[in-house]
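**Student:** Next comes the sequence, and after it the predicted model I'd like to discuss.
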Amino acid sequence: MISIQNGSHLASTYCALAILKIVGYNLSNMDSESILTSMRSLQQPDGSFMPIHIGAERDLRFLYCAAAICFMLNNWNGMDREKAKEYILNCQSYDGGFGLTPGSESHGGATYCAIASLRLMGFIGDDCLSNASAPSSKANIQSLLDWSLQRQVADGGIQGRPNKPSDTCYAFWIGATMGTLGANKFIDEKALRSFLLTCQSECGGFGKFPQELPDLYHSYYGLAAFSILGEAGLKPLCLELGVTEAAATGL
């Protein structure tokens, strides 16, 4: 029987482990089995995950958290990867992007969760773009690339969905998706850099839109996007985990 008195949550668990990786803690010292045992009961018959044990929404965000947790703990006993993969593939829309749930609108954040999860689970390799028709993931990589490329708009920024304004955080969500696909060369980096600079506040940090006050969320993803663009002084990222490569590898 699983105790739920501590109110554990998949997103909080992912964040906690990522922070521990960032500060250099050795995750092998943790009681990973209790985490994974608890997490297994959160996976649903269709492969999706709920974030808590008492009932909640289920979508690609929490499947991604589960995949990241297993990857960081180097133990996949916490999930059925094949079922998770099938759920992800069912979330790919007719236009190539991924929605949070099957049949929902394609979204930049959901698309990142889908591709990063497939990568972490081993279903997408380094050469997925050159082997777009390979059967390893069965995702339609070409249509995904087309959809992703259309998210960079006239002001140089990147939107999360069609007919939405550019937003600092999507420079990471879409940029990291493109990077995972090996397709960063198709991004207009100069235009994107110019847009991001308009979102940087003279007070420090980044806002969601140009000339908006900064917040921690968009400040992080603004810097993460600049890292993807190869900005001097910023460490390279492990795109699938959203932390530096040094933190991800423990070096």
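**Tutor:** It's in. Every value quoted in this text rests on a predicted model; they were computed, and no experiment measured them. Residues are numbered from 1 along each chain as shown.

**Student:** make it CA atoms for all contacts and neighbour counts henceforth
**Tutor:** Fine.

**Student:** Show me where the stretch 1-150 of the chain has its helices.
**Tutor:** 10-22, 32-40, 60-73, 81-90, 108-120, 141-149 (DSSP state H, counting those that start in this stretch).

**Student:** now the chain, which segments are flagged as low pLDDT?
**Tutor:** Residues of the chain meeting the criterion pLDDT under 70: 1-6, 127-137, 251.

**Student:** can you give me the strands in it?
**Tutor:** For the chain, applying DSSP state E gives strands covering 237-238, 243-244.

**Student:** Is it possible to get TSV of these that adds distance to A16 and mean neighbour count?
**Tutor:** Written out in TSV, the entries for these read as follows (distance: least, CA to CA, whole Å; neighbours: other CA atoms under 10 Å):
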stretch	distance to A16	mean neighbour count
strand 237-238	17	18
strand 243-244	12	18
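
**Student:** thinking again about what came up before, want to throw the helices of the stretch 1-150 of the chain into TSV with distance to D188 and mean neighbour count?
**Tutor:** TSV is the format used below for the helices of the stretch 1-150 of the chain (distance: least, CA to CA, whole Å; neighbours: other CA under 10 Å):
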stretch	distance to D188	mean neighbour count
helix 10-22	30	17
helix 32-40	40	17
helix 60-73	28	25
helix 81-90	28	20
helix 108-120	17	25
helix 141-149	10	19
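
**Student:** With G250 as the reference, name the closest of these.
**Tutor:** Minimum separation from G250 across the helices of the stretch 1-150 of the chain (CA to CA) falls at helix 10-22, 7.0 Å.

**Student:** Pull out the CA atoms of that closest one and give them to me as CSV.
**Tutor:** The C-alpha trace of helix 10-22 is given here as CSV (Å, rounded to 0.1, in the frame of the first residue of the first chain):
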residue,chain,number,x,y,z
LEU,A,10,5.6,14.3,-10.1
ALA,A,11,6.5,17.8,-11.1
SER,A,12,7.9,18.6,-7.7
THR,A,13,9.9,15.3,-7.7
TYR,A,14,11.4,16.2,-11.1
CYS,A,15,12.3,19.7,-9.9
ALA,A,16,13.8,18.4,-6.7
LEU,A,17,16.0,15.8,-8.5
ALA,A,18,17.0,18.4,-11.1
ILE,A,19,18.1,20.8,-8.4
LEU,A,20,20.0,18.1,-6.6
LYS,A,21,21.8,17.3,-9.9
ILE,A,22,22.6,21.0,-10.4
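
**Student:** let's number from 320 now, not from 1
**Tutor:** Understood, numbering begins at 320; the last thing we discussed is helix 329-341.
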